[in-house]
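K.L.:
give the three-dimensional model of this entry:
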Amino acid sequence: MSDSRRMTSITRRINRGFFFRIFWTILLVNALALFFIVLGWGHAMERAELGDAWQPNLGRSVTFDSDYSWPRRLMDGVYTFSLDEQTWQKDMSPLFETMLRFLPTALGVELVVLIVAYRNGKKRTKRLLQPLHRMAESAQALTDPAIWDQKYHHLEDAIAAISPDSPDAKLSTGDRDLMGLEEAINSLMARMHEAYREQVRFVSDASHELRTPIAVIQGYAGMLTRWGKDDEKILTESIEAIKSEAEDMQKLVEQLLFLARGDVGRQQTTFAPVDLAQLMREVYEEYEMIDKQHTWRLQTADSVPAVGDASLLKQVARILVDNAAKYSQPGDPITLRSYVMDNGTPCFAVQDNGSGIAQEDIPRIFERFFRSDPARARHTGGTGLGLSIAKWIVDQHHGYFDVVSREGVGTRVVVCLPERHVSPAADAVTNNN
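P.N.:
From the prediction side, this is the model:
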């Protein structure tokens, strides 16, 4: 087997191992979600009939019509519970019909998550193992095959014997001549496992974030099934809630796809001269018009020249302003600034007098799905991905963030871009990262 084919085989095994771990995690989440939905439905039925007389030690049973085959038998299920010789029976078909209506949507979302995870994992594994492949080829070309052929085969066999499912797996050949290669490979594998742990956590967090709106939609769909035809108030409330949750899911999926395209190098960025002062004035005018609850202030120089993708940089500014507005009280001032530092570095900043961020949380605010205050973030409609997107954009511009925050005082987030000079012949550069 050639080196190239062997490396490809190793890459596939590693990626398959992590992919199936993600797949089984999603199956487990689905099973738990199904269990708790049915359990919650049963509890709601008992409470509706018994009220304050409800007690945990009721007689309970579920029966299915054996005259039908699956899944028709499932649709004819009856939930029975009794108390003090009195028995109630509840038809389970509306519950299962509602769940089946939303099943294609849930499976579609999970399929997208699995496809993204598989594609990202395949590319990332191949990219991480590429230095090892080049290292082996260079070493083989510069040495005497008669002496080193056996050592390299020994090394390849040791690599092939590494279990992709073990995060603590290390390469060990016992050959002093290969010790340097062993250390390099073990360091590479450690970084690779860490990257996959982050990927697994990302998929798990995405599944968790999608599970909540799906559960809300299922709940309101159940209300529509039971009372929506007769109660106009319930009909209106349910439609608005389902629409709101669908919009939140769409926003979350769009943000996930943005980050996924960035991870695989398919997010396009177009670099050209941009005036940060004009950019911040446009953002200021937008929010002054659409958000009347806060006091907006603009402090900017006449011109702050920089080089970057104007639309992506404006997206960063909007993300920072949205966060400032979410965590500030009505009437609080929010200041937008743009300026050039003494060393020529162009910057723009957003400052608020809101709740602030705990010092121990500041290093983590750019992690995907991280929330300094999860309960408050859900109340304000945050997904936990905005700052991750902002960091990706700033990283593509080779810039950096400067975050200063105190709890109860406020937060200032500064974005600094490198000073660049663009020649007239190359005013615009487009990168498919």
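K.L.:
C-alpha only now, for contacts and for neighbours.
P.N.:
Fine.
K.L.:
list the buried residues of the one helix or strand Met280 maps to.
P.N.:
According to DSSP states H and E, Met280 maps onto helix 276-290. Residues Leu276, Ala277, Gln278, Leu279, Met280, Arg281, Val283, Tyr284, Tyr287 are the ones in helix 276-290 that count as buried (16 or more other Cα atoms under 10 Å).
K.L.:
same check, this time on stretch 361-370
P.N.:
Per 16+ other Cα under 10 Å, stretch 361-370 contains these buried residues: Ile365, Phe366, Glu367, Arg368, Phe369, Phe370.
K.L.:
follow-up on the earlier one: need the buried residues of helix 276-290 in TSV with pLDDT and distance to Ser338, can you?
P.N.:
Formatted as TSV, the buried residues of helix 276-290 follow (pLDDT from 0 to 100; distance: Cα to Cα, whole Å):
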residue	pLDDT	distance to Ser338
Leu276	95	6
Ala277	94	6
Gln278	94	9
Leu279	94	9
Met280	94	7
Arg281	94	9
Val283	93	12
Tyr284	94	11
Tyr287	89	16
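K.L.:
format those as a markdown table; extra columns: distance to Met341.
P.N.:
Output for these, formatted as a markdown table (distance: Cα to Cα, whole Å):
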| residue | distance to Met341 |
| --- | --- |
| Leu276 | 13 |
| Ala277 | 14 |
| Gln278 | 17 |
| Leu279 | 17 |
| Met280 | 16 |
| Arg281 | 19 |
| Val283 | 21 |
| Tyr284 | 21 |
| Tyr287 | 26 |
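K.L.:
for those residues, which one is nearest Leu312?
P.N.:
Nearest to Leu312, judged by Cα to Cα, of the buried residues of helix 276-290 is Leu279 at 10.9 Å.
K.L.:
shouldn't that closest one be in contact with Lys314?
P.N.:
Yes - counting by Cα atoms under 8 Å, Leu279 touches Lys314, with 6.6 Å between them.
K.L.:
where does the closest residue in space to Trp227 that isn't next to it in sequence sit, in terms of helix or strand?
P.N.:
Nearest residue to Trp227, sequence neighbours excluded (Cα to Cα, 6 or more residues apart in numbering): Ile234, at 7.1 Å. Using DSSP H and E, Ile234 sits within helix 232-263.
K.L.:
any idea how far stretch 385-396 is from the chain center?
P.N.:
Centroid separation between stretch 385-396 and its chain, computed with Cα atoms, centre = their mean, to the nearest Å, is 12 Å.
K.L.:
next one: stretch 283-294
P.N.:
28 Å.
K.L.:
and the strand or helix carrying Ala48, what other elements does it pack with?
P.N.:
Using DSSP H and E, Ala48 sits within helix 3-50. In terms of contacts (3 or more Cα pairs under 8 Å, 6 or more residues apart in numbering; DSSP states H and E), helix 3-50 is packed against helix 93-142, helix 179-223.
K.L.:
just checking, next helix/strand downstream of that helix?
P.N.:
strand 59-63.
K.L.:
so what strands line up beside that next one?
P.N.:
Paired neighbours of strand 59-63 in the sheet (DSSP bridges): strand 78-83 (antiparallel).
K.L.:
and the angle from the partner strand to helix 93-142?
P.N.:
120 degrees (axes from the mean of the first three to the mean of the last three Cα atoms, to 10 degrees).
K.L.:
just the buried positions in strand 78-83, please.
P.N.:
Going by neighbour count (16+ other Cα under 10 Å), the buried part of strand 78-83 is Val78, Tyr79, Thr80, Phe81, Ser82.
K.L.:
same list (those residues) but as a markdown table, adding pLDDT.
P.N.:
Listed next are the buried residues of strand 78-83 as a markdown table, based on pLDDT from 0 to 100:
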| residue | pLDDT |
| --- | --- |
| Val78 | 81 |
| Tyr79 | 82 |
| Thr80 | 84 |
| Phe81 | 83 |
| Ser82 | 84 |
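K.L.:
can I get those in TSV with distance to Ser244?
P.N.:
TSV is the format used below for the buried residues of strand 78-83 (distance: Cα to Cα, whole Å):
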residue	distance to Ser244
Val78	33
Tyr79	32
Thr80	35
Phe81	35
Ser82	38
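K.L.:
sketch out the low-pLDDT regions of the stretch 51-200 of the chain for me.
P.N.:
Applying pLDDT under 70 to the stretch 51-200 of the chain flags residues 65-75, 129, 132-133, 136-152, 154-155, 163-168, 172-178, 197-198, 200.
K.L.:
if you set the cut-off to 50 instead, what comes out?
P.N.:
Filtered on pLDDT under 50, the stretch 51-200 of the chain yields no residues whatsoever.
K.L.:
swap in the stretch 201-350 of the chain?
P.N.:
Looking at the stretch 201-350 of the chain by pLDDT under 50, you get an empty list.
K.L.:
re earlier: buried deepest among the helices and strands packed on helix 3-50, which one?
P.N.:
helix 179-223 (a mean of 17; mean count of other Cα atoms under 10 Å).
K.L.:
how does the protein divide into domains?
P.N.:
Per the record, the chain has its domains at 1-266, 268-432, by automatic domain parsing.
K.L.:
deepest-packed of those, please.
P.N.:
domain 268-432 (a mean of 17).
K.L.:
hang on, Leu128 packs against Met192?
P.N.:
Yes - between Leu128 and Met192 there is a contact under Cα under 8 Å: 6.8 Å.
K.L.:
give the helix, strand or coil label for Asp342.
P.N.:
coil (DSSP: H, G, I helix; E, B strand; the rest coil).
K.L.:
please name the residues that touch Gly308.
P.N.:
Thr270, Phe271, Ala272, Pro273, Val274, His397 (Cα atoms under 8 Å, 6 or more residues apart in numbering).
K.L.:
I meant Ala325, not that one.
P.N.:
Contacts of Ala325 (Cα under 8 Å, 6+ apart): His294, Ile334, Asp352.
K.L.:
phi and psi next, for the first one.
P.N.:
Spelled out, that is His294. With angles defined as degrees, to the nearest 10, His294 shows backbone torsions of phi -120, psi 160.
K.L.:
could you do the second one as well?
P.N.:
For Ile334, the backbone dihedrals (degrees, to the nearest 10) come out as phi -130, psi 120.
K.L.:
my guess is it contacts Gly354. True?
P.N.:
No - judged on Cα under 8 Å, Ile334 makes no contact with Gly354 at a distance of 9.0 Å.
K.L.:
spit out the residues that contact the two alike.
P.N.:
Shared contacts of Ile334 and Gly354, counting by Cα under 8 Å, 6+ apart, come down to Ala324.
K.L.:
just how off-centre is stretch 89-107 within its chain?
P.N.:
Relative to the centre of its chain, stretch 89-107 is centred 27 Å away, using Cα atoms, centre = their mean.
K.L.:
so what touches that stretch?
P.N.:
Outside stretch 89-107, the residues touching it (Cα under 8 Å, 6+ apart) are 41, 45, 74-81, 214, 218, 221-222, 225.
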